[in-house]
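K.L.:
Take this sequence and fold it.
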Amino acid sequence: MDNRRYQVRAFERLVGSSRSGRTDPRAADMAGRHGEFGAHADASSGFYVISVVARILDMHPQTLRKYERLGMVTPSRTMGMLRLYSEVDIAQLRLIKHLVANLGLNMAGVRMALKMFNHLVSMKRQLRGLEPSRARESLDESVSQMIELLEQG
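P.N.:
Next up is the predicted model:
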């Protein structure tokens, strides 16, 4: 299995979209402030300050601040306003880095790709719990929503 596929599967496990149908407890509130990427569930999910995340991802801290400013990632904050990144934030940043560095997308392209990715994860989660007759209707509706997303740009 190539590295990208492994990263996507690891990311899906973090946001609660595993093939087994079980939701990772670290992705407790999927509709929280992180949207489909999940919210910070508890301290067991791990929190890292910006300098550690910058080293983990081999990114400059200013790049991480830029992504936060653009609304692509929302780290939690301490009382002293120190940024704390969760495992979900790091997975999201890895995806953004891949989209920019390997696929050459600009920030608008990354936003669109993230919207589509969020929608696909949500659709996968919804389809898993439906009976076959209802799944077809839901799939048609989801495809229509994705087309609308693409048209909106």
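
K.L.:
and residue 85, what element?
P.N.:
strand 83-86 (DSSP states H and E).

K.L.:
Neighbouring strands - and their directions - for that strand?
P.N.:
Its sheet considered, strand 83-86 pairs with strand 47-48 (antiparallel), strand 76-77 (antiparallel) by DSSP bridges.

K.L.:
which of these is buried the deepest?
P.N.:
strand 47-48 (a mean of 18; mean count of other CB atoms under 10 Å). To be clear about C-beta, it is placed using only N, CA and C from the backbone, and glycine gets the same treatment.

K.L.:
Name the next helix or strand downstream of it, please.
P.N.:
Next in sequence after strand 47-48, counting helices and strands by DSSP H and E, comes helix 50-57.

K.L.:
hey, where'd the helices end up in this structure?
P.N.:
Along the chain, counting by DSSP state H, helices occupy 3-15, 50-57, 61-69, 87-101, 107-128, 132-152.

K.L.:
for the fourth one, packing partners?
P.N.:
Under the contact criterion of 3 or more CB pairs under 8 Å, 6 or more residues apart in numbering; DSSP states H and E, helix 87-101 touches helix 3-15, helix 50-57, helix 61-69, helix 107-128.
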